[in-house]
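Participant: Structure, please.
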Amino acid sequence: MVSALNEKLFYKIGEVAEVAGVKTSVLRFWESEFTFLKPLKSNSGQRLYSKDEVELVLQLKDLLYKEKFTIEGVKKRITSKGKLIKTEDLLDSASVLDCSTMLKNVRNELRVLRDLL
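Facilitator: Predicted structure coming up:
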C-alpha cells in the first residue's frame, strides 16, 4: 500500500490518511494513544510521516480494523519503538506473566469478542 506513495522522505498527514483509508483526525487520535507513533512536525506544525511511520499506520489499521484488537491490545502487540511483536514471541513472554494477570487479559479479550458477536 505504501507503494501508492511516491518516493519521498516524508509524507503529509493528508497523504498518509488517503493511503491508509482513514481520516486525518483518526491519525491524530492514534498519535495521542500510541506513544510509538510520533511524526516529525515542520516549523509550521505540519505532521511529516516517514515511510516507516506510514507502514506503522497501516499495521495499526490492520490490527484495529481487520483483526479487531482493542487499543490496549495493540499497545501490547507493538513495542514502544513501533515494532510488531509476533504471536510466538507473545507466547514465550507469557511464561513471565503471573497466572492472575494472564487470566485477566484472557477474560478482557473474551469480553471484547463477546461484544463483537
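Participant: Now do the same for residue 48: helix, strand or coil?
Facilitator: Residue 48 falls in the strand class when you classify it by DSSP: H, G, I helix; E, B strand; the rest coil.
Participant: unless I'm mixing things up, it is touching residue 10, no?
Facilitator: Yes - at 3.9 Å, residue 48 counts as touching residue 10 under the criterion of CB atoms under 8 Å. C-betas here are computed from N, CA, C, even on glycine.
Participant: where along this structure do the strands fall?
Facilitator: 11-12, 40-41, 47-49 (DSSP state E).
Participant: Could you provide those strands in JSON lines, with additional columns for mean neighbour count and distance to residue 83?
Facilitator: JSON lines is the format used below for the strands of the chain (neighbours: other CB atoms under 10 Å; distance: least, CB to CB, whole Å):
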{"stretch": "strand 11-12", "mean neighbour count": "20", "distance to residue 83": "20"}
{"stretch": "strand 40-41", "mean neighbour count": "11", "distance to residue 83": "19"}
{"stretch": "strand 47-49", "mean neighbour count": "20", "distance to residue 83": "17"}
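Participant: could those go into CSV alongside distance to residue 33?
Facilitator: Shown next, in CSV, are those (distance: least, CB to CB, whole Å):
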stretch, distance to residue 33
strand 11-12, 20
strand 40-41, 18
strand 47-49, 15
